[in-house]
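*Asks:* Just the structure for this:
(chains A and B)
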Amino acid sequence: MLYRVAGQYKTSYEADYALFPVKQDAWLLGFILLIAFVIFPLTANEFVFRALLTPVLIYSLAALGLNILTGYAGQLSLGTGAFMGVGAYACYKLITIFPEMNLIVAIALSGFFSASIGVAFGLPSLRIKGFYLAIATLAAQFFLVWLFQKWAWLYNYSASGAIQVPNMRMFGITIAGPNATALTQYYVVLCVVTVVTLFAINITRGRIGRIWKAVRDMDIAAELVGINLMKAKLMAFFVSSYIVGVSGALFVFLWRGAAEANLFDIPLSFRVLFIVIIGGLGSILGNYLGAILIVALPVIIGNVPGFFGIPISSSSVEHINIMIIGALIITFLILEPHGLARYWAVIREKLIIWPFPH
Amino acid sequence: MDFLHSILIQPFADMFGAPDFLVQVLWEGAVSGVLYALIALGFVLIFKSSRIFNFAQGIMVVFAALTLVGLHERGVPALLALPMTLGVMFILTVCIERVVLRPLVNQPDIIFFMATIGITLFLIGFGEIIFGGENKRMITEELMIPTGSFEFEPFGGFVLIEQRDVTVVAGAILLVAGLLLFLNKSKMGRAIRALGDDHQAALSVGISLSTIWVIVWFIAGVIALVTGIAWGSRAGVSFALEVIAYKALPVLMLGGLESVSGAIIGGLMIGILEKLFEIYWGQPLLGGNTEAWFAYVLALVVLLFRPQGLFGEKIIERV
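*Replies:* Residues are numbered from 1 along each chain as shown, chains lettered A, B, ... in the order given. Just a heads-up that it's a prediction; the model follows:
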């Protein structure tokens, strides 16, 4: 009904390959942006920003980074958490060395540090692949977290071994640190995420994205048609770790406020991987759907049974949560390997041909 | 010069200056190496027969040890708890085959890998709900594992060897020997190897995929139980044990994913080398705790030169 494509004629290839071949997609996106930029800030409270909205955005950005590497370029990585850590620590060092630096600039620059580390650990992908590569990225995970702990220069020799975000101002408003309000932080994160997502959408549907997909689907065939595998894979590692590093900097500076090395350990990497699997490999939208599910799940488990008069202790919420995520992963792999994003695709196709079934 | 001296000369001077301590370090390394090798063996067995990279092997170790201790806590005598734990592992295996593996037949390898991550999470949550997450003592004496120690005085020094470590090594050797005998001599073992070589061909001569999967996963469960008892008697039983599973992954890279001997030799190598590196280089020069990453970096360096691992089959496509 709303999704009627009748009358939308395409007379050129440009129109056929446009960002929104169907007009309603653009309206829907505009509606979502309206909710995110206007409706949520007007209605949500402090708790919702801190516990739901900001983490959803940051986790979906991290998942977007991993999805580019795993979903588009086909290189499985288990070291996402460590690369987030590189972004966070690089951003911390940047603002301590240059205190006048704009936070947004520092975050954008810190992505380059994690990108270069990501490329260094991506080098084995030129010789090995599949499981061997996944274990090789675990090397980054263990080595970097150890480095965050032992290299005191990284956390400015503080006694606690943790990094603390100072109060930072931009255009006269405190945007990071203990004095910042949840609303301003949410806006900053939302803007960064929107810009990066736009960039990611365009890079994945352009020439580079198609090269990555070719490498993912069959690397030998890709090489035969003249794709430089080395360049393509390292490029995927670069772009992916850049986005992951930015999300790590946001994670610490605009959400957690402080971090120590253990925060970037394996559980974080896995949480991002689960978002990608449940959301849908090789889909931009999936990252957001997956992140919403993963962030909201513990809140739902903690509150819904209490609503029915069965209170659950916080530790069992944790256990039930992890059990359900495990079960969800298996269920999704069996029933719908393309994840939540696939469900939206099905619904959209149904809407386009509605009310006729064929 | 000082720097080079502290890297290249001082550690060796320390080693030969105190040979008794070196022997102690080597023995400790070898014992943990045997345990890494055991976990890696569980991985290899499943990978060889079904091309599934079973990430859940580590949590199976924890789950088996927890079940054993948990049953004992609820009043089951230790020697009865052992077969009961095996029964639980068998039920778990059948469930995994029915619920997870069977619907996924013919999917790409990577999907199976992710499914085993799902199993891992499920078992972590399930185990914590049933047994609680706190550290428990392994029932070493109750299982009649000796707990004393031998003392030697070689080179005028002092070396202490725990009897339970000797038992662990002996048990591991027996287990591996039994396993190799089973794989190479028995009819079922031949079927498992056939399935590993070629699924289609094995199916067409009447080998049942699901039976073999249950058997192989159950054997991996037995190995997990043995590893759990051995490691639990050293460090207690809790979910922190899962960390040793991460140690088995570089062993696999080093030894090759489908090589039984690679898992054993790789495990011993990593166990000994990481202890040596930690004691003689890591602690004086790098601030310690290098065991967290040494195995991975070693495996990574080896892989750059030999992508198939030290003993792996050379079927990895060159990229």
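
*Asks:* I'd assumed A:Pro21 was in contact with A:Arg348.
*Replies:* No: applying CB atoms under 8 Å as the test, A:Arg348 and A:Pro21 come out as separate, 11.6 Å apart. Heads up, the C-betas are built off the backbone N, CA and C, glycines and all.

*Asks:* Near chain A, which residues of the stretch 201-319 of chain B are found?
*Replies:* Neighbours of chain A within the stretch 201-319 of chain B, by CB under 8 Å from any CB of the partner chain: B:246, B:249-250, B:252-253, B:257, B:286-287, B:289-290, B:292-293, B:296-297, B:299-300, B:303-304, B:307, B:316-319.

*Asks:* What is the neighbour count of the closest residue to A:Arg256 other than its chain neighbours?
*Replies:* Leaving out its chain neighbours, the residue that sits closest to A:Arg256 by CB to CB, 6 or more residues apart in numbering or on different chains is A:Leu263, at 7.3 Å. By the measure other CB atoms under 10 Å in any protein chain shown, the count of residues near A:Leu263 is 21.

*Asks:* got it, and A:Gly302?
*Replies:* 18.

*Asks:* Likewise for the one 10 residues further on?
*Replies:* A:Ile312 has 16 neighbours, counted by other CB under 10 Å.

*Asks:* In the stretch 201-319 of chain B, which residue sits nearest chain A?
*Replies:* Residue nearest to chain A within the stretch 201-319 of chain B: B:Tyr296 (3.5 Å; CB to the nearest CB).

*Asks:* And the strands in the stretch 51-200 of chain B?
*Replies:* B:149-152, B:159-162 (DSSP state E, counting those that start in this stretch).

*Asks:* Can you pull out the residues in contact with the last one?
*Replies:* This points to strand B:159-162. By CB atoms under 8 Å, 6 or more residues apart in numbering or on different chains, the residues outside strand B:159-162 that reach it are B:20, B:23-24, B:27, B:147-153.

*Asks:* quick one: which of these is nearest B:Ala201?
*Replies:* Distances from the contacts of strand B:159-162 to B:Ala201 were compared by CB to CB; the smallest belongs to B:Trp27, at 45.4 Å.

*Asks:* and the strands of the stretch 51-200 of chain B as TSV, adding mean neighbour count, mean pLDDT and distance to B:Ala220?
*Replies:* Converted to TSV, those look like this (neighbours: other CB atoms under 10 Å in any protein chain shown; pLDDT from 0 to 100; distance: least, CB to CB, whole Å):
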stretch	mean neighbour count	mean pLDDT	distance to B:Ala220
strand B:149-152	11	73	31
strand B:159-162	16	77	27
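
*Asks:* Can you check which of the ones you listed gets nearest to A:Tyr92?
*Replies:* With CB to CB as the criterion, A:Tyr92 lies closest to strand B:159-162 of the strands of the stretch 51-200 of chain B, at 44.6 Å.

*Asks:* and the closest one, how far from the chain's centre?
*Replies:* Centroid displacement of strand B:159-162 relative to its chain, using CA atoms, centre = their mean, to the nearest Å, is 23 Å.

*Asks:* quick one: contacts for the residue of the stretch 51-200 of chain A found nearest chain B?
*Replies:* In the stretch 51-200 of chain A, the residue found nearest to chain B is A:Ala139; the distance is 3.5 Å by CB to the nearest CB. Listed by CB under 8 Å, 6+ apart, the contact set of A:Ala139 reads A:79, A:121, B:250, B:293, B:296-297, B:299-300.

*Asks:* One more pass at 6 Å, please.
*Replies:* The neighbourhood of A:Ala139, defined by CB atoms under 6 Å, 6 or more residues apart in numbering or on different chains, consists of B:296-297, B:300.

*Asks:* Poorly predicted segments of chain B, please.
*Replies:* Counting by pLDDT under 70, the low-confidence segments of chain B come to B:1, B:154-157, B:308-309, B:312-319.

*Asks:* what residue lies at the spatial centre of it?
*Replies:* Among the residues of chain B, B:Ile39 comes closest to the average C-alpha position under CA atoms, centre = their mean, at 1.5 Å.

*Asks:* So which residues of the stretch 151-300 of chain A form strands?
*Replies:* According to DSSP E, counting those that start in this stretch, the stretch 151-300 of chain A carries its strands in the segments A:163-164, A:168-170, A:173-176, A:258-259.

*Asks:* re earlier: secondary structure element holding the residue nearest to the centre of chain B?
*Replies:* Taking DSSP states H and E as the definition, B:Ile39 sits inside helix B:19-50.

*Asks:* is that helix up against chain A anywhere?
*Replies:* No: using CB under 6 Å from any CB of the partner chain, we find that helix B:19-50 stays clear of chain A, coming within 8.6 Å at best.

*Asks:* by contact count, what packs against that helix?
*Replies:* Here helix B:19-50 is seen to pack against strand B:159-162, helix B:163-185, helix B:187-197, helix B:209-235, helix B:242-255, helix B:260-277 when contacts are counted using 3 or more CB pairs under 6 Å, 6 or more residues apart in numbering or on different chains; DSSP states H and E.

*Asks:* Show me which residues of that helix are buried.
*Replies:* Of the residues in helix B:19-50, those with enough neighbours to count as buried (16 or more other CB atoms under 10 Å in any protein chain shown) are B:21-50.

*Asks:* Equivalent analysis for stretch B:261-276, please.
*Replies:* Using 16+ other CB under 10 Å as the burial criterion, the residues of stretch B:261-276 that qualify are B:262-272, B:274-276.

*Asks:* what comes into contact with it?
*Replies:* Judged by CB under 6 Å, 6+ apart, the contacts made with stretch B:261-276 from elsewhere in the structure are B:25, B:28-30, B:32-33, B:36-37, B:40-41, B:44, B:251, B:254-256, B:291, B:294-295, B:311.

*Asks:* Just the CA atoms from it would do, formatted as CSV, please.
*Replies:* Provided in CSV are the C-alpha atoms of stretch B:261-276 (Å, rounded to 0.1, in the frame of the first residue of the first chain):
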residue,chain,number,x,y,z
SER,B,261,50.9,-35.9,16.1
GLY,B,262,51.0,-32.2,15.3
ALA,B,263,48.7,-31.5,18.2
ILE,B,264,50.9,-33.5,20.7
ILE,B,265,54.2,-32.1,19.5
GLY,B,266,52.8,-28.6,19.1
GLY,B,267,51.3,-28.7,22.6
LEU,B,268,54.5,-29.8,24.2
MET,B,269,56.5,-27.3,22.2
ILE,B,270,54.3,-24.4,23.2
GLY,B,271,54.1,-25.5,26.8
ILE,B,272,57.8,-25.6,27.2
LEU,B,273,58.8,-22.6,25.1
GLU,B,274,56.3,-20.3,26.7
LYS,B,275,57.5,-21.2,30.2
LEU,B,276,61.1,-20.7,29.2
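
*Asks:* That concludes my questions; thank you for your assistance.
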